[in-house]
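> Dropping a prediction and its sequence here:
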Amino acid sequence: PHPRSFTGTSLTQNHDEYQKTADWLMSQTRHRPQVAIICGSGLGMLADTLKCQDTFAYADIPGFPQSTVQGHAGRLVFGELKGKSCVCMQGRFHMYEGHSLLKTTFPVRVFKLLGVETLIVTNAAGSLADGLKPGDIMIIKDHVNFPGLVGLNPLSGPNDDKFGPRFPAMSGCYDKGLRCQAMEIAKELGVAGLMQEGVYAMVGGPNFESIAEARLLHRLGVDAVGMSTAPEVVVATHCGLRVFGLSLITNKDTDSVNHEGVLEVGRLRSKTVQQLVTELISRMEINNNNTTNAV
Ligand SMILES: O=P(O)(O)O[C@H]1O[C@H](CO)[C@@H](O)[C@H]1O
């Protein structure tokens, strides 16, 4: 397809294509992940905590799209974290890169086929709320999927019943139990002062918001804004994954925001985000018995 073709154009993806990618990965690694983590801009170090890693460049994985954004390495890392088998995307796909929304969310369905039960999404986001400043961490309690509201939705097109229903509910898609657990962990780690819950809104990007747009989003009840996450969560919820989401606040409104500054805040807060996610995974209940296969 033409690289500038509009993102809503590819409305079908054969179930076999997800299965082929999942089968290929299972033939290459003995890990059978229970938890998947998607790293936001500048947060790729979340994968560093995984033990016994198997790493694959996206370019080598059949069917995978390629990362094009600085700060998104383009690697899938499998490994163990505190007794849980995990897979981590070091680099996500954004609509503004020219991927169809089905492609941006392709890995989520592959994770489902690998046996993943819980998806952790992280992102860098701009604050629109008075109480959220750069360096703070927002637990996502709900989202506004602006592209989705106007029909740019990865679930548009024929429904794949093997993954989920035609009309999935999105209320409660950010798991309440995990949100409470994360807040408890923040208190124990002494970082509760950095944390609060809020509403994330996805906009299309790639430009940052104008001043008037930021003001509009603020009036609409949005706490933090970014250019990702919502489609992944929609697809994950559709196929029954439990979701937890974190936004690292990298800037306030649109004041002199730039991608370098976004990545810099990611580096500054990397340890804290890493500790929170590690503890959450360590404590979370997992129902399936996916484990690393001994070879
Ligand atoms: O959402 P993530 O991938 O963290 O990235 C955020 O950071 C980039 C802008 O600096 C945009 O891609 C925005 O969505």
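Thanks, I have it.
> which parts of the stretch 151-295 of the chain sit against the ligand?
For the stretch 151-295 of the chain, the residues in contact with the ligand (CB under 6 Å from any ligand atom) are 205, 226-228, 259, 262. Where you see a C-beta, it was placed from the backbone N, CA and C, and this is true even at glycine.
> out of those, who's nearest Q66?
Nearest to Q66 among these, counting by CB to CB, is S228 at 15.9 Å.
> so who does that closest one touch?
40, 92, 94, 104, 123, 202 (CB atoms under 8 Å, 6 or more residues apart in numbering).
> looking at the residues of the stretch 151-295 of the chain next to the ligand, which has the most residues close by?
Using other CB atoms under 10 Å as the neighbour criterion, S228 leads those with 27 neighbours.
> how about that residue, secondary structure?
Three states are possible here, and by DSSP: H, G, I helix; E, B strand; the rest coil the one that applies to S228 is coil.
> Distance of it relative to M89?
From S228 across to M89, the span is 11 Å (CB to CB, to the nearest Å).
> Next: L43.
The value you get for L43 to M89, if CB to CB is used, is 10 Å.
> Where do the helices of the stretch 1-150 of the chain begin and end?
For the stretch 1-150 of the chain, the helices defined by DSSP state H, counting those that start in this stretch occupy 15-28, 101-104, 106-114, 146-149.
> Can you say which of those helices is nearest to L81?
Nearest to L81 among those is helix 106-114; the distance by CB to CB comes to 15.3 Å.
> follow-up on the earlier one: just the ones of the contacts of S228 in strands?
123, 202 (DSSP state E).
> Pick the one among the contacts of S228 closest to T278.
Taking the contacts of S228 together and measuring to T278 by CB to CB, the closest member is G40, at 16.2 Å.
> residues in contact with the closest one?
92, 121-124, 226, 228-229, 247-248, 266.
> how about the residue nearest to G226 when sequence neighbours are not counted, what does it touch?
Once flanking residues are discounted, G226 sits nearest to A125: 4.0 Å by CB to CB, 6 or more residues apart in numbering. Taking CB under 8 Å, 6+ apart, we find A125 in contact with 138, 200, 224-226, 247-250.
> run the last query once more with 7 Å
Neighbour list for A125: 200, 224-226, 247, 249-250 [criterion: CB atoms under 7 Å, 6 or more residues apart in numbering].
> hang on, the earlier thing: out of the residues of the stretch 151-295 of the chain next to the ligand, who's nearest P158?
Among those, and counting by CB to CB, the member closest to P158 is S228, at 24.7 Å.
> Quick one: end-to-end length of stretch 53-69, please.
Taking CA to CA, to the nearest Å, stretch 53-69 runs 24 Å from one end to the other.
> okay, and for this structure, where does confidence drop off?
1-10, 253, 255, 289, 291-295 (pLDDT under 70).
> Just want the residue of the chain that's nearest the ligand.
The chain approaches the ligand most closely through G40 (2.8 Å), counting by CB to the nearest ligand atom.
> Provide a list of residues in contact with the most centrally placed residue in the chain.
Residue closest to the mean C-alpha point of the chain, counted by CA atoms, centre = their mean, is V121 at 3.0 Å. Counting by CB under 7 Å, 6+ apart, V121 touches 38, 229, 232-233, 243, 245.
> Excluding chain neighbours, give the residue nearest to it in space.
Nearest non-adjacent residue to V121, counting by CB to CB, 6+ apart: G245, 4.5 Å away.
> and the one helix or strand the one you found maps to, what other elements does it pack with?
Using DSSP states H and E, G245 falls within strand 242-252. Contact here means 3 or more CB pairs under 7 Å, 6 or more residues apart in numbering; DSSP states H and E; on that basis strand 242-252 packs against strand 118-127, strand 137-145, strand 224-226, helix 230-238, helix 259-268, helix 270-283.
> so which of these gets nearest C52?
helix 270-283 (15.1 Å).
> follow-up on the earlier one: single out the most deeply packed of the helices of the stretch 1-150 of the chain.
Highest mean neighbour count of these: helix 106-114, a mean of 25 (counted as mean count of other CB atoms under 10 Å).
> Return the distance of that one from the chain's centre.
From the chain centre to the centre of helix 106-114 is a distance of 13 Å (CA atoms, centre = their mean, to the nearest Å).
> Quick one: residues in contact with it.
Applying CB under 7 Å, 6+ apart, the set of residues contacting helix 106-114 is 18-19, 21-22, 25-26, 32-33, 36, 63-65, 87, 89, 119, 163, 232, 235-236, 239, 241.
> close enough to count as contact, Q90 and G44?
Yes. Look at Q90 against G44 with CB atoms under 7 Å: they come within range, at 4.2 Å.
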